[in-house]
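> Predicted structure and sequence below. I'll ask about it afterward.
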Amino acid sequence: SFQVLRQFVRHESDTVGSLVLERSMNRVQLLGRVGQDPIMRQVEGKNPVTIFSLATNEMWRTGDNETAQGGDISQKTTWHRISVFRPGLRDVTYQYVKKGSRIYVEGKLDYGEYTDKNNVRRQATTIIA
């Protein structure tokens with residue numbers, strides 16, 4: 001395990017000319033329920049993408065003694081936008097993933113901007129599966 005950790009915090013870097021390439025990681029793991037049936041969107045000049053939302057729930061007990069039976073249970077639901085670009089995975093996701101399915105998603109975070117239909121610039125966080 002130390003060997004794996006050392007690979008990520010290695011002090012030596014690969015150098016290409018004057019450009020230094022450092023190892024880094026952008027990884028997300030989610031287990032949740034699908035919010036709606038996936039849609040496949042074709043953007044002009046680009047490959048199609050399958051998009052769906054995924055809900056994850058966090059639950060905790062509130063009160064003085066969190067291990068006791070007393071206290072209230074609180075819950076927070078977080079919605080994630082999932083995009084699938086890889087051709088084989090994109091098609092399987094579109095065909096078999098359905099609203100309410102409990103699925104595991106692994107991917108990377110992507111922060112982007114888009115202009116909505118009212119011509120307002122918005123930011124979006126997406127998981128690229």
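Alright, I've got the coordinates.
> Just the buried positions in stretch 22-33, please.
L30, G32 (16 or more other CB atoms under 10 Å). Where C-beta positions appear, they are placed from N, C-alpha and C, glycine not excepted.
> If you could redo that for stretch 76-88, that was the one I meant.
H80, I82, S83, V84.
> Could you do stretch 35-46 as well?
Neighbour-count burial for stretch 35-46 [16+ other CB under 10 Å]: G35, P38.
> right, and out of the buried residues of stretch 76-88, which lies closest to Q36?
Using CB to CB, I82 comes nearest to Q36 of the buried residues of stretch 76-88, at 11.1 Å.
> Does V28 touch L109 like I think?
Yes - V28 sits in contact with L109 when judged by CB atoms under 8 Å, with a separation of 5.7 Å.
> what is in contact with these two at once?
I127 (CB atoms under 8 Å, 6 or more residues apart in numbering).
> what does the helix or strand containing T93 rub up against?
Using DSSP states H and E, T93 sits in helix 87-96. The contact list for helix 87-96 (CB under 8 Å, 6+ apart) reads P38, I39, M40, N47, P48, V49, T50, F52, V84, A129.
> thought the fifth one was touching S83?
No - shown here, P48 and S83 do not form a contact pair, counting by CB under 8 Å, at 10.7 Å.
> where's the dip in pLDDT among the contacts of helix 87-96?
The lowest pLDDT within the contacts of helix 87-96 belongs to N47, with 90.
> Tell me the secondary structure at that residue.
Counting by DSSP: H, G, I helix; E, B strand; the rest coil, the backbone at N47 sits in coil.
> and what of G32?
Under three-state DSSP, G32 comes out as strand.
> ok, and the closest non-adjacent residue to it?
T56 (4.0 Å; CB to CB, 6 or more residues apart in numbering).
> who are the neighbours in contact with the one you found?
Taking CB under 8 Å, 6+ apart as the test, what T56 contacts is L30, L31, G32, T77, T78, H80.
> how about those residues, which pair is most distant?
Comparing the members of the contacts of T56, the greatest separation, given CB to CB, is between L31 and T77, at 13.5 Å.
> And for I127, the neighbour number?
19 (other CB atoms under 10 Å).
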